[in-house]
Structure formats: structure tokens, C-alpha cells
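>>> dropping the sequence and predicted coords here.
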Amino acid sequence: MAKGAARKQPRRTSRRTWAAIAAVGVVVVAAIVGYFAYRAVANLPGVAARDLGNLHIPSLTAPHEPYNTDPPTSGPHVGYVAPWGIHTRPIPRELQVHNLEDRGVLVQYNCECPDLVAKLTEIVKKYDSEVILAPYPTMTHRIALTAWTRIDTFDELDGGRIARFINQYRGIDHHPR
């Protein structure tokens, strides 16, 4: 080597390069997490409905804004709940909503169909609380499943679909924090 010739030194990576690499890494990780979060939400049972809030009203007959689903999935409701379990009479909508807020799922039907009701009863009896079975004579489908801001309606019994809905949403508290 000639005198005064510069020695080759290993090149140091600048702070800017490391910052760019870190930024790219963060973007890649965020994209992966976002993709899986989207897939998880996309695979939830039922259809999402806009949250109408948790307003308490003084009585079942008190005026309030209309619900955005039928049966309702959120919104104005009275300050007490219906007992969990099997009901033979319809539950007022303003009462249903409080059960949904208090971690519940409702399975409702619209038909004179004792065989279907017997099968729905078998499904609902598997849960000791936080599930209600009741008639709902004004809905357009034979079966409706509701949870806070979620609804699924259909006309033919699908026990797996019902169990999946109940297991996904039962037990989730929706009181404002």
C-alpha cells in the first residue's frame, strides 16, 4: 500500500437509513395487523347495525327515537331487564334492548310453529343465563337473533348458526364506560 492511501473502512449505516428501515417495518406490521383485524370483524356472525346509544327512558310507553333494526339492537330502553330463559309472550322492544346491553342475546321467532319453537327451546336451554327465547309476531322473518348492534334474520332453522351467534355475543357488557 502506498503511503497516504486511504484505508477502506466499513461503511456505517446512517441514522436516516435506520429510520427508513424502521418506518417500513412499522408500516408492514400495521398492514398485517390491520388485515387480520379486518378478517376477524368480517367473519363475525350477523350484520352490524349503527349503535343508537344507551339512553334510559322512564317507561315502556315513553316517546323515543325509532330503532334502526327490527327487532332492535341498541337504543332507548327502560331501566330493568326481562328474565333470562324461555318466554311465551313477546317482550317489549324497550325491554329487549336493556337485556342486550346487559350481556344478552335474544332468539325470537314469528310463526305458529310448535316444532320450530321446541327446537329453539332446546338450543336456548343450553345456556343458564344471558339468552332469551321469545315470540316476536311483527317481524318479517321467522327467526331473528339480536345482540348489541348485531342482527341476523332467516327463515329456516340453522342450529349451528344460532349457537355461533350466541357464543360470539353472549356475555359482553355494553354499558358506557
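Structure's in. What do you need?
>>> please enumerate the strands of this structure.
Per DSSP state E, the chain carries strands over the ranges 47-48, 85-86, 105-109, 131-135, 143-147, 150-154.
>>> distance to Ala62, mean pLDDT and mean neighbour count added to the ones you listed, as CSV?
Every residue, glycine included, has its C-beta placed from N, CA and C. Converted to CSV, those look like this (distance: least, CB to CB, whole Å; pLDDT from 0 to 100; neighbours: other CB atoms under 10 Å):
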stretch, distance to Ala62, mean pLDDT, mean neighbour count
strand 47-48, 27, 97, 12
strand 85-86, 26, 98, 15
strand 105-109, 21, 98, 24
strand 131-135, 21, 98, 22
strand 143-147, 21, 98, 25
strand 150-154, 23, 98, 18
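>>> for Ile172, find the nearest of those strands.
strand 143-147 (7.5 Å; CB to CB).
>>> got the contact list for that closest one?
45-46, 69, 71-73, 96, 100, 104-110, 116, 120, 136, 151-155, 157, 161-162, 165-166, 168-170, 172 (CB atoms under 8 Å, 6 or more residues apart in numbering).
>>> need the contact list for the residue nearest to the spatial centre of the chain.
With distances taken as CA atoms, centre = their mean, Arg150 lies nearest the centre of the chain, 5.0 Å away. Contacts for Arg150 (CB under 8 Å, 6+ apart) come out as 44-49, 73, 165, 169.
>>> ok, now Asn110?
Contacts of Asn110 by CB under 8 Å, 6+ apart are 135-144.
>>> distance to Val26 added to those residues, as JSON lines?
Shown next, in JSON lines, are the contacts of Asn110 (distance: CB to CB, whole Å):
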{"residue": "Pro135", "distance to Val26": "53"}
{"residue": "Tyr136", "distance to Val26": "49"}
{"residue": "Pro137", "distance to Val26": "54"}
{"residue": "Thr138", "distance to Val26": "51"}
{"residue": "Met139", "distance to Val26": "47"}
{"residue": "Thr140", "distance to Val26": "48"}
{"residue": "His141", "distance to Val26": "46"}
{"residue": "Arg142", "distance to Val26": "49"}
{"residue": "Ile143", "distance to Val26": "46"}
{"residue": "Ala144", "distance to Val26": "43"}
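>>> which members of those residues are classed as buried?
Among the contacts of Asn110, those classed as buried by 16 or more other CB atoms under 10 Å are 135-136, 139, 141-144.
>>> which of those residues sit farthest apart?
Between all members of the buried ones among the contacts of Asn110, the farthest pair (by CB to CB) comes out as Pro135 and His141, at 12.9 Å.
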